[in-house]
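Asks: Sequence plus the predicted model coming up.
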Amino acid sequence: MRVIIELTRLNDSKLVINAELIETIESTPDTVVTLTTNHRLVVKEDVEEVVEKAINYKRKIAFRPE
C-alpha cells in the first residue's frame with residue numbers, strides 16, 4: 001500500500017509523494033525533502049507540517065477497514 005501525501009512546490013504547483021520514500025526533511029530555510037532515491041524537493045510546507053502529513057496519512061491507512 002502506498003503512503004501518498006500532497007505537498008506544494010515554491011511555485012504553488014502541487015505534487016504527491018510516497019511518504020515511505022522520505023529519507024530526510026531539512027529547513028535551510030526552505031524545506032527540502034530528500035527521498036531515498038536521492039531526489040530532492042523544495043516545498044512550501046515547514047518541516048513539522050510535512051512530518052504531520054506523513055504521520056496522519058499513515059494513521060489513516062492503518063485504521064482503514066478492509
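Replies: Right, received. Where do you want to start?
Asks: Just the buried positions in the lowest-mean-pLDDT helix or strand in the chain, please.
Replies: Between all helices and strands in the chain, the lowest mean by mean pLDDT, DSSP states H and E belongs to helix 47-62, at a mean of 89. Of all the residues in helix 47-62, those buried under the rule 16 or more other C-beta atoms under 10 Å are V50, K53, A54, Y57. C-betas here are computed from N, CA, C, even on glycine.
Asks: helices or strands next to that helix in the packing?
Replies: On a contact count with 3 or more C-beta pairs under 8 Å, 6 or more residues apart in numbering; DSSP states H and E, helix 47-62 meets strand 4-8, strand 22-27, strand 31-35.
Asks: ok, and what's touching it?
Replies: For helix 47-62, contacts defined as C-beta atoms under 8 Å, 6 or more residues apart in numbering pick out 1, 3-7, 19, 22, 25-27, 31, 33, 43, 45.
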